[in-house]
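Trainee: How does the following fold in three dimensions:
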Amino acid sequence: MAGRATGTNKDVTKERRARVRKVIRRLKKEFPEAECALHHESAFQLLVATILSAQCTDVRVNMATPELFRKYPDAARLARASQASVEKIVKPLGFFRNKASNIRAMAKALVDDFDGNIPEDIDELVVLPGVGRKTASVVLGTWYGIPSGVVVDTHVKRISGLLALTESNNPDIIERDLMEVLPKKEWIEYSHRIILHGRKTCIARRPRCSECVLLSVCPRVGLAEDL
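Mentor: Below is the predicted model:
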């Protein structure tokens, strides 16, 4: 019984790898330039913006960060900022008190433990206040080009499920499933392209399947037949 299960798992993995190769090729044609949507000019700014993007759209974050980065362009200055002044800037983003507290604490930890520099190691990044694995992977992948994992946001979670690349709803398991079938060199840009695809075509409540470049390779798992 154990042998049959292992064989089945291998077959599923092989099928997923074949499908994801086609997905990658088509998305590269559709989105040849895949970049992070969060505006930033440094690793520090990207880290701050990513923390602020939790349960918030990138568009809204990009509206708030110019003033934030003008006043606090680096970790040292943000670490010295008052809670009230930061809250005032990030208030439109929701959960603003927690977010203001997190980015200030993160900045202080950077100053105290890393001389204000962003570490290039995921284990060091995730110990910073407000920084989880997803946030760390965004910074490492986007700024440093280090494929430390696959960023699983709402688009990646939903569309990877539709594509039958995972059967889980747990972001940690989804990431492991994707890391198993994606070539490591594609870990970073896969997420960027899936996010772009989710915004343009595979829209959650009104997917444009007839216009989708992935239609012929997408099992559309869980999607109503009439869509």
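Trainee: quick one: the helices in the protein?
Mentor: Listed in chain order, the helices found in the chain under DSSP state H are 2-30, 43-52, 58-71, 75-80, 83-90, 96-114, 122-125, 133-142, 154-162, 171-181, 187-200.
Trainee: And the third one, what's buried?
Mentor: Spelled out, it's helix 58-71. For helix 58-71, a neighbour-count test (16 or more other Cβ atoms under 10 Å) marks 58, 61, 62, 64, 65, 68, 69 as buried. For glycine as for every other residue, the C-beta is placed from the backbone atoms N, C-alpha and C.
Trainee: Over to stretch 99-114?
Mentor: By neighbour count, with 16+ other Cβ under 10 Å as the criterion, the buried positions of stretch 99-114 are 99, 100, 101, 102, 103, 104, 106, 107, 108, 109, 110, 111.
Trainee: Show me the domain layout of the protein.
Mentor: Following automatic domain parsing, one finds the domains of the chain at 16-34+150-217, 43-142.
Trainee: Show me which of the buried residues of helix 58-71 is closest to residue 185.
Mentor: The shortest approach to residue 185 among the buried residues of helix 58-71 belongs to residue 58, at 24.5 Å (Cβ to Cβ).
Trainee: Can you give me the distance of the closest one to residue 199?
Mentor: When Cβ to Cβ, to the nearest Å is applied, the distance between residue 58 and residue 199 equals 9 Å.
Trainee: Could you list the low-pLDDT ranges of this structure?
Mentor: Per-residue confidence for the chain (pLDDT under 70) gives these ranges: 1-8, 225-227.
Trainee: circling back to that earlier point, among the domains of the chain, which is nearest residue 223?
Mentor: Residue 223 lies closest to domain 16-34+150-217 among the domains of the chain, at 6.1 Å (Cβ to Cβ).
Trainee: Export only the CA atoms of stretch 153-170, formatted as CSV.
Mentor: The C-alpha trace of stretch 153-170 is given here as CSV (Å, rounded to 0.1, in the frame of the first residue of the first chain):
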residue,chain,number,x,y,z
ASP,A,153,-0.5,35.9,-1.5
THR,A,154,-4.3,35.6,-2.2
HIS,A,155,-3.8,35.5,-6.0
VAL,A,156,-1.1,32.8,-5.8
LYS,A,157,-3.1,30.8,-3.4
ARG,A,158,-6.3,30.9,-5.5
ILE,A,159,-4.8,30.5,-8.9
SER,A,160,-2.4,27.8,-8.0
GLY,A,161,-5.4,25.9,-6.7
LEU,A,162,-7.3,26.4,-9.9
LEU,A,163,-4.2,25.1,-11.8
ALA,A,164,-4.2,22.0,-9.6
LEU,A,165,-0.6,22.7,-8.5
THR,A,166,-1.8,22.2,-4.9
GLU,A,167,-4.7,20.8,-3.0
SER,A,168,-4.2,22.8,0.1
ASN,A,169,-5.6,26.1,1.4
ASN,A,170,-2.7,26.5,3.9
